[in-house]
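this is a predicted model, with the sequence first.
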Amino acid sequence: MARANSEELGNKAIGPLLIKQAVPASIGILVMSINILVDTIFVGNWIGSIGIAAINVVLPVSFFIAALGMAIGIGGSSIISRALGANNDKKALKTFGNQITITLLVTVTMVIFGLSFVDDLIPTFGGKGDIFDPAKIYYKIVLYGVPVLGVAMMGNSVIRAEGKPKFAMVAMIIPSVGNLIMDYIFINIMDLGMHGAAWASTGSYILCLGYIVWFFLSKHSELKIRFSDFGIDFTILKEIGALGFVTLSRQAVVSVTYLLLNNILFELGGESSVAVYGIVGRMLMFALFPVLGVTQGFLPISGYNYGANQYSRVRESINKAILYASVMAILVFAIIMIFPGEIASVFTQDQKVVNDTTSAMRWVFAAIPIISIQLIGSAYFQAIGKAVPALLLTLSRQGFIFIPLILILPNYYGEFGVWISFPLADLISTIITGLFLRREVKSTLIVEDEAQVKTS
């Protein structure tokens, strides 16, 4: 197996290496975010509001499948990074083969189940009345592409684990650009309506998977699996599941949070308050892309060096990742604090919504400068294969702290109680994560590093 590329994770200076890993990840996240926004604009203008409603009904299915693929991908990638770092090529290949097998088994099962109960599931997701028929059209076509989407998301995480961030970035850009082009052709030119929107989404998944398959078959990939690697290894599968469950749980909590916030804000201020949260939510998705990019870039570096027992490099990667992510977060914080009104005005001309969003956005982003500690800390435990602390820290912000806050504070402070819950959750979860990370660095990384020095 050619190892020059992955070995760079253990040899190259941490600062330049982190930038090399983080920049492509950030660009990929940004492009995907823009795609979601522009795709919605296209459907709204060329099909109508019913088209947007239909897609929103089906969107949780796509998000869940993507999260499932990412969970298997990230869980297995943590194993692969550490295996490559430890020169255990056999385990890396077996893990990748098992990732493909389990992703296909799970997603194909979901397709069969989803198609069998389509008329019951669509109303459950909210596809009622006039929304039912277009939602059913979109749902069935998108469901055909579910195995493709799952394998594509899984493969993208593995590409990153190999230390190939530019290829992973291209794999994220291809479906985004492809979807927009096919939207224009299928909906605007061919006038296929919801069929066109659905095939544009499914077609974009196929393009993405095609590129990923090319990558693993090309000389660029170190993972040349054999047929025997597809056979299930329950020990590896258990580890993939434990680590992947962290990602899957995070997505589940995010979905619950959105559901709760929409209902709470509607009760407090009606449609306009929900609109305010819609704008704030989009800004959270867009504005934090460089911070999330640093977090994604940090994962393979820390995992590889931990597997290679290079604990001083792991510590350096933690410090540099927190520093770089904090700088990005402070820049985001400054822009939000200075231009909240101008940002809100891009989304709507409703002056009440603009005014309310201006105030809400400042509170929601108030603790963003320190959030990198929470993100990098929880990502570290996932990267080194410690599933329990990774899960607890990942869920601490939105699950254990934020949800109770939004259920309690609005009873006393109304809508302000919702917005103040964001920085409070960030602050408390950051303190908890910081304590966990500090203890881990002292008890494991420093101790093991000193032990190596004594024996050398």
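Received, thanks. This is a predicted model, so every value here is computed, not measured.

can we go C-alpha only for contacts and neighbour counts from here?
Noted.

can you tell me what sits against the helix or strand containing residue 201?
Assigned by DSSP states H and E, residue 201 belongs to helix 193-217. Outside of helix 193-217, the residues within contact range by Cα atoms under 8 Å, 6 or more residues apart in numbering are 43, 46-47, 51, 134, 137-139, 141-142, 144-145, 148-149, 151-152, 155-156, 167, 171-172, 174-176, 178-180, 182-183, 186-187, 221-224.

narrow the residues you listed to those in helices?
Using DSSP state H, the subset of the contacts of helix 193-217 located in helices is 43, 46, 51, 134, 137-139, 141-142, 144, 148-149, 151-152, 155-156, 167, 171-172, 174-176, 178-180, 182-183.

pull out the buried members of those.
43, 51, 134, 137-139, 141-142, 144, 148-149, 151-152, 155-156, 167, 171-172, 174-176, 178-180, 182-183 (16 or more other Cα atoms under 10 Å).

counting contacts, what elements does the lengthiest helix in the chain pack onto?
The single longest helix within the chain, with elements called by DSSP H, is helix 234-287. Packed against helix 234-287 by the contact rule (3 or more Cα pairs under 8 Å, 6 or more residues apart in numbering; DSSP states H and E) you find helix 14-46, helix 49-85, helix 89-116, helix 351-364, helix 387-395, helix 415-440.

figure out which of those is closest to residue 323.
Nearest of the helices and strands packed on helix 234-287 to residue 323, taken as Cα to Cα: helix 14-46 at 10.3 Å.

relative to helix 193-217, how tilted is the closest one?
Between helix 14-46 and helix 193-217, the angle comes out at 160 degrees (axes from the mean of the first three to the mean of the last three Cα atoms, to 10 degrees).

contact partners for the residue lying closest to residue 170 once chain neighbours are set aside?
Once flanking residues are discounted, residue 170 sits nearest to residue 28: 7.3 Å by Cα to Cα, 6 or more residues apart in numbering. Applying Cα under 8 Å, 6+ apart to residue 28 gives the contacts 168-170, 172-173.

try 10 Å this time
Residues near residue 28 by Cα atoms under 10 Å, 6 or more residues apart in numbering: 22, 165-166, 168-174, 176, 289, 293.

swap in residue 277?
Counting by Cα under 10 Å, 6+ apart, residue 277 has contacts 258, 261-262, 265, 271, 283, 353, 356-357, 360-361, 364, 418-419.

just the buried residues from those residues, in ChimeraX please.
To isolate the buried members of those in ChimeraX, using 16+ other Cα under 10 Å:
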select :261,262,265,283,353,356,357,360,361,364,418,419
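
follow-up on the earlier one: quick check: buried residues in the helix holding residue 201?
193-209, 211-212, 215-216.

can you give me the mean pLDDT across it?
Helix 193-217 carries an average pLDDT of 93.

okay, the angle between it and helix 49-85?
Using the same axes, to 10 degrees, helix 193-217 lies at 10 degrees relative to helix 49-85.

starting at the chain centroid, how far to helix 193-217?
The chain centroid and the centroid of helix 193-217 are separated by 19 Å under Cα atoms, centre = their mean, to the nearest Å.

returning to that earlier point: include distance to residue 376 when you put the helices and strands packed on helix 234-287 into CSV, please.
Below are these laid out as CSV (distance: least, Cα to Cα, whole Å):
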stretch, distance to residue 376
helix 14-46, 13
helix 49-85, 15
helix 89-116, 24
helix 351-364, 20
helix 387-395, 10
helix 415-440, 9
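
who wins for proximity to residue 253 among those?
Closest of the helices and strands packed on helix 234-287 to residue 253 is helix 387-395, at 7.5 Å (criterion: Cα to Cα).

other SSEs contacting that closest one?
Under the contact criterion of 3 or more Cα pairs under 10 Å, 6 or more residues apart in numbering; DSSP states H and E, helix 387-395 touches helix 234-287, helix 371-383, helix 415-440.

please identify the most buried of those.
Of all the helices and strands packed on helix 387-395, helix 371-383 has the most neighbours on average by mean count of other Cα atoms under 10 Å, namely a mean of 26.

low-confidence bits of the stretch 151-300 of the chain, can you list those?
The stretch 151-300 of the chain contains residues with pLDDT under 70 at 255, 259, 271.

my guess is residue 229 contacts residue 90. True?
Yes. Here residue 229 lies in contact with residue 90, judged by Cα atoms under 10 Å, at a distance of 8.9 Å.

looking at these two, which has the bigger crowd around it?
Taking neighbours as other Cα atoms under 10 Å, residue 229 and residue 90 compare with residue 229 leading, 21 against 14.

could I get the phi/psi values of that one?
phi -70, psi -20 (degrees, to the nearest 10).

please apply the same query to residue 226.
Residue torsions, per degrees, to the nearest 10, at residue 226 are phi -110, psi 170.

count residues in the vicinity of it, would you?
10.

mind checking how far it is from residue 71?
Distance of residue 226 to residue 71, given as Cα to Cα, to the nearest Å: 23 Å.

and if you look at residue 236?
14 Å.

give me the neighbour count for the residue lying closest to residue 340 once chain neighbours are set aside.
Leaving aside its sequence neighbours, residue 340 sits nearest to residue 358 (Cα to Cα, 6+ apart; 5.0 Å). Neighbour count of residue 358, defined by other Cα under 10 Å: 22.

cool, thanks, talk later.
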